[in-house]
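Asker: just need the structure, nothing else, for what follows:
(one chain, ligands or ions: 1)
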Amino acid sequence: MPDAVDLAYSIEGPSTGPVILLLHGFPLSKRMWRHQVKALAADGWRVVTPDLRGHGASPRPDESATMQRQAADVRRLADTLGLDAFVLAGFSMGGYVALQLALESPARVRGLALIDTRADADTDEARARRYATAEDVKARGVAVVADAMLPKMLTERTRGQRPELADEVRDMMMRAPQTGVVQALLGMAARPDQRPHLAKLQMPALVLVGSEDAVTPRDAAEVLAKGMPDARLEVIPDAAHLSPMEQPEAVTSALRRWLKPLSSV
Ligand code: MLT
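Answerer: Numbers count the residues shown, from 1 in each chain. Next up is the predicted model:
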């Protein structure tokens with residue numbers, strides 16, 4: 001087992017409620033879930049949002065943030081909080097971590113929501129791009145990633161009509177620590193292809209994807225949904241990659257519908 005670090009986290013909602021953990025994407029933080037946290041906590045869920053290693057207020061170890069290490073961090077947090085079983089939701093890189101954790105510890109994951117994410121590994125070309133970006137971030141800072149990702153996070157329409165949202169997303173990315181960004185890039189480049197293992201994930205699963213997501217597009221979401229025996233796919237209209245922030249009501253409603261049968265502790 002890789003060494004786990006103690007993650008920074010927040011908890012909202014009643015202490016006796018059923019538990020859901022929300023794992024953010026790269027290079028973001030738990031702030032990305034603010035809409036879902038408020039709504040699900042109001043429904044009676046105990047909502048736990050960690051900052052993944054190298055992001056937000058969590059430690060930034062100087063080693064690549066592999067999905068195995070990140071899954072071990074989340075499991076350690078669950079152990080610390082005394083959570084034997086929980087619903088797990090992950091967005092993009094958080095989805096890679098959620099898949100890893102669900103495959104390693106299926107008995108602990110009562111339900112799995114995978115949002116704008118994918119099961120396959122990087123192609124050689126994508127991996128080479130990550131290594132080049134990591135070098136670029138070391139030389140020029142996190143703006144390299146923030147500038148490249150913002151147009152993929154939100155549709156052009158949203159960036160035009162809701163500049164304050166675009167500013168918020170860019171600000172969140174700019175706050176990501178440089179080491180954390182580099183190590184996450186290296187960790188994502190090394191992630192395994194989980195497609196051959198999807199059939200083992202027998203818990204109820206929900207797959208969401210923004211209709212205009214070009215980072216983890218609909219065909220990648222279909223692979224996830226078809227690969228897991230108890231999964232359903234919903235497409236979020238008018239959303240690029242960061243659907244939980246671009247279309248928060250639609251993402252929250254989809255989560256709420258899916259979570260209903262899981263709400264008895
Ligand atoms: C993310 O949103 O977490 C990342 O874009 C995922 C990735 O680069 O594969």
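
Asker: what residues are up against the closest residue to residue 174 other than its chain neighbours?
Answerer: The shortest distance from residue 174 to any non-neighbouring residue, by C-beta to C-beta, 6 or more residues apart in numbering, is to residue 146 (5.3 Å). Backbone N, C-alpha and C define where each C-beta goes, glycine included. Residue 146 makes contact with 27, 170, 173-174, according to C-beta atoms under 8 Å, 6 or more residues apart in numbering.

Asker: residue contacts, residue 114?
Answerer: By C-beta under 8 Å, 6+ apart, the contact set of residue 114 is 89-90, 95, 98-99, 205-208, 221, 224.

Asker: wait, is it part of a strand?
Answerer: Yes. Counting by DSSP: H, G, I helix; E, B strand; the rest coil, residue 114 falls inside a strand.

Asker: tell me the bridge partners for it.
Answerer: Following DSSP bridges, residue 114 is listed with bridge partners residue 90, residue 207.

Asker: now do the helices in the stretch 151-265 of the chain.
Answerer: Along the stretch 151-265 of the chain, the segments classed as helices by DSSP state H, counting those that start in this stretch run 156-161, 163-174, 178-189, 218-227, 243-246, 248-259.

Asker: which strands or helices does the fifth one pack on?
Answerer: When you say that, I think you mean helix 243-246. In terms of contacts (3 or more C-beta pairs under 8 Å, 6 or more residues apart in numbering; DSSP states H and E), helix 243-246 is packed against helix 34-42, helix 163-174, strand 205-210, helix 248-259.

Asker: of those, which is nearest residue 187?
Answerer: Nearest of those to residue 187, taken as C-beta to C-beta: helix 163-174 at 17.1 Å.

Asker: what sits up against that closest one?
Answerer: With C-beta under 8 Å, 6+ apart, helix 163-174 has contacts from 27-29, 31-32, 142-143, 145-146, 149-150, 153-154, 158-159, 242, 245-246.

Asker: of the residues you listed, buried ones?
Answerer: Neighbour-count burial (16 or more other C-beta atoms under 10 Å) applied to the contacts of helix 163-174 gives 27-29, 31-32, 142, 145-146, 149-150, 153-154, 158-159, 242, 245-246.

Asker: pretty sure residue 44 sits against residue 17.
Answerer: Yes. Judged on C-beta atoms under 8 Å, residue 44 makes contact with residue 17 at a distance of 4.7 Å.

Asker: remind me which residues of the stretch 51-200 of the chain are low pLDDT?
Answerer: Within the stretch 51-200 of the chain, no range satisfies pLDDT under 70.

Asker: the ligand contacts on the stretch 1-150 of the chain?
Answerer: Within the stretch 1-150 of the chain, the positions adjacent to the ligand are 25-26, 92-93 by C-beta under 6 Å from any ligand atom.

Asker: residue 69: which of those residues is nearest?
Answerer: Of all those, residue 69 sits closest to residue 93, with 12.6 Å by C-beta to C-beta.

Asker: now do that closest one: how many residues are near it, please.
Answerer: Residue 93: 26 surrounding residues under other C-beta atoms under 10 Å.

Asker: chain neighbours aside, what residue packs nearest to it?
Answerer: residue 26 (4.0 Å).

Asker: please apply the same query to residue 213.
Answerer: Nearest non-adjacent residue to residue 213, counting by C-beta to C-beta, 6+ apart: residue 241, 4.8 Å away.

Asker: quick one on the thing from earlier: farthest-separated two in the contacts of residue 146?
Answerer: Going by C-beta to C-beta, the pair spanning these furthest: 27 and 170, at 11.1 Å.
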